[in-house]
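# Let me see the structure of the following:
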Amino acid sequence: MAWEVDAYVASLTSVSEHTHAAYARDVRQFVEWAERGGCAAPAALDHRVLRRYLAYLDTRGFARRSIARKAAAVRSYLRYLKRHDVIDTDPGRALRAPKGQARLPRVPRRSEAAALLDGVQVATLDAAEAVERADPEVDPVTLAVLRRDLAILELLYGTGIRVSECCGLTVGDLDLVRGHVTVLGKGAKVRRVPLGEPAADALSGWLAAGRPVLATDGTPPGPVFLNRRGRVLTPRDARRVLEAHPLADGRTLHPHALRHAYATHLLEGGADLRVVQELLGHADLATTQTYTHLTRERLRAVYEATHPRA
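As a prediction, this is how the structure comes out:
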């Protein structure tokens, strides 16, 4: 009870599900380590103990980015303890962890993204024709899954929403007539994102002719996307969708790669950085600026590959 870990975890209401799980795990691991080292209560913590913990993580072979995240979780936890008078001073205020080198996301090029979506659309049309011919090799479930996959891919690339946001969509969040989708993002922030015609058409086809096929008696009416068992689609299910539809060279994409592609292709097309920030739902413009580095690298690569004096 002295460490108040459960109370701290319960207080994490304004972060994403992923951050909530990571911080809860990191703080519990820190407390276990501290107790093994002789700290019976939070009052025994000081800056030297925290520095020893970071050194311990380094010796265990954690990446610098992982250590930075764990340090951020500990700082958040100690702020909570200080705010609730569990400790008199916050030893985490001066705690600094080395940040890992920022990794630029690898994204599909425009032509690769177009080929991916066109390929799934053609497969869906072929499956629809096969079902109409009563072809025994293609059943309605296979067609429904293809309709769903096409809708997911068009939505992720056409709106740039996070995979968790995609899985959390309800039918009421979609306005296919006006062409926008309302998204509940990180920190419980709501934003409205434009929806292109290909994505709207794919969603319309899925909702009208695909979702009813996969739905069961126990399927809730609200969620947009379902898995094969009629349950609400999870981020893991969404990753399987991408794995089922590799690029032409055989590479498979993570769902987040389509969000990266959305931002990168907008900027390459001349979109304003702050507009892209709003569309992505980034709280900090610096996060969006990552994609400007990526586009500059692409421009440099094109220059070096094509200019005779490069």
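# how about Ile152, what does it touch?
Ile152 sits next to Cys166, Phe225, Leu233, Ala238, Val241 when contact means CB atoms under 8 Å, 6 or more residues apart in numbering. C-beta: built from backbone N, CA, C; applies to glycine.
# mind listing the helices for the stretch 101-250 of the chain?
Using DSSP state H, counting those that start in this stretch, the helices of the stretch 101-250 of the chain run over 110-132, 140-159, 163-167, 197-205, 211-214, 235-243.
# and of these, who's closest to Thr287?
helix 163-167 (15.8 Å; CB to CB).
# Helix or strand next in line after the helix or strand hosting Val31, which one?
For Val31, the host element (DSSP states H and E) is helix 17-36. Using DSSP H and E, the helix or strand that follows helix 17-36 in sequence is helix 47-59.
# and the helix or strand following that next one, what other elements does it pack with?
Next helix or strand after helix 47-59 toward the C-terminus (DSSP H and E): helix 64-83. Helices and strands touching helix 64-83, by 3 or more CB pairs under 8 Å, 6 or more residues apart in numbering; DSSP states H and E, are helix 5-10, helix 17-36, helix 47-59.
# please redo it, this time with the cut-off set to 7 Å
The elements that helix 64-83 packs onto, with contact taken as 3 or more CB pairs under 7 Å, 6 or more residues apart in numbering; DSSP states H and E, are helix 17-36, helix 47-59.
# Tell me which of those helices lies nearest to Ala128.
Taking the helices and strands packed on helix 64-83 one by one with CB to CB, helix 17-36 is closest: 35.4 Å.
# That closest one vs helix 47-59, what angle?
Going by axes from the mean of the first three to the mean of the last three CA atoms, to 10 degrees, helix 17-36 is angled at 110 degrees with respect to helix 47-59.
# Could you tell me which residues within helix 17-36 count as buried?
Residues Thr19, Ala22, Tyr23, Ala24, Asp26, Val27, Arg28, Phe30, Val31, Ala34 are the ones in helix 17-36 that count as buried (16 or more other CB atoms under 10 Å).
# State the mean pLDDT of it.
Across helix 17-36, the average pLDDT comes to 93.
# now swap in stretch 212-227 and tell me
On average, stretch 212-227 scores 96.
# can you check stretch 45-54 too?
pLDDT averaged over stretch 45-54 gives 93.
# And that stretch, what's buried?
Leu45, Leu50, Tyr53, Leu54.
# quick one on the thing from earlier: tell me which of the helices of the stretch 101-250 of the chain approaches Glu268 most closely.
helix 110-132 (7.8 Å).
# Counting neighbours, which bits of the closest one end up buried?
Those would be Glu112, Ala113, Leu116, Leu117, Gly119, Val120, Gln121, Ala123, Thr124, Ala127, Ala128, Ala130, for helix 110-132 by 16+ other CB under 10 Å.
# isn't the last one right up against Val138?
Yes. Contact between Ala130 and Val138 holds when scored by CB atoms under 7 Å: they sit 3.8 Å apart.
# how many neighbours does Leu12 have?
Residues within reach of Leu12, counting by other CB atoms under 10 Å, total 18.
# mind checking how far the closest residue to it other than its chain neighbours is from Pro220?
Using CB to CB, 6 or more residues apart in numbering and skipping residues adjacent in sequence, the residue nearest Leu12 is His20, 4.9 Å away. Separation of His20 from Pro220 (CB to CB, to the nearest Å): 23 Å.
# likewise Gly269?
38 Å.
# With Ala68 instead?
38 Å.
# of those two, who's got more company?
Ala68 (17 against 11).
# sorry, back to before: out of the helices and strands packed on helix 64-83, nearest to Thr89?
helix 47-59 (9.9 Å).
# Check which helices and strands that closest one is in contact with.
Using 3+ CB pairs under 7 Å, 6+ apart, helix 47-59 is in contact with helix 17-36, helix 64-83.
# Please repeat the previous calculation with a cut-off of 6 Å.
If you count contacts as 3 or more CB pairs under 6 Å, 6 or more residues apart in numbering; DSSP states H and E, helix 47-59 packs onto no helix or strand.
# which other residues reach it?
Ile67, Pro91, Leu95, Ala97 (CB atoms under 6 Å, 6 or more residues apart in numbering).
# helices and strands of this protein: which one bottoms out on pLDDT?
Every helix and strand of the chain was ranked by mean pLDDT, DSSP states H and E. The lowest is helix 290-306, at a mean of 73.
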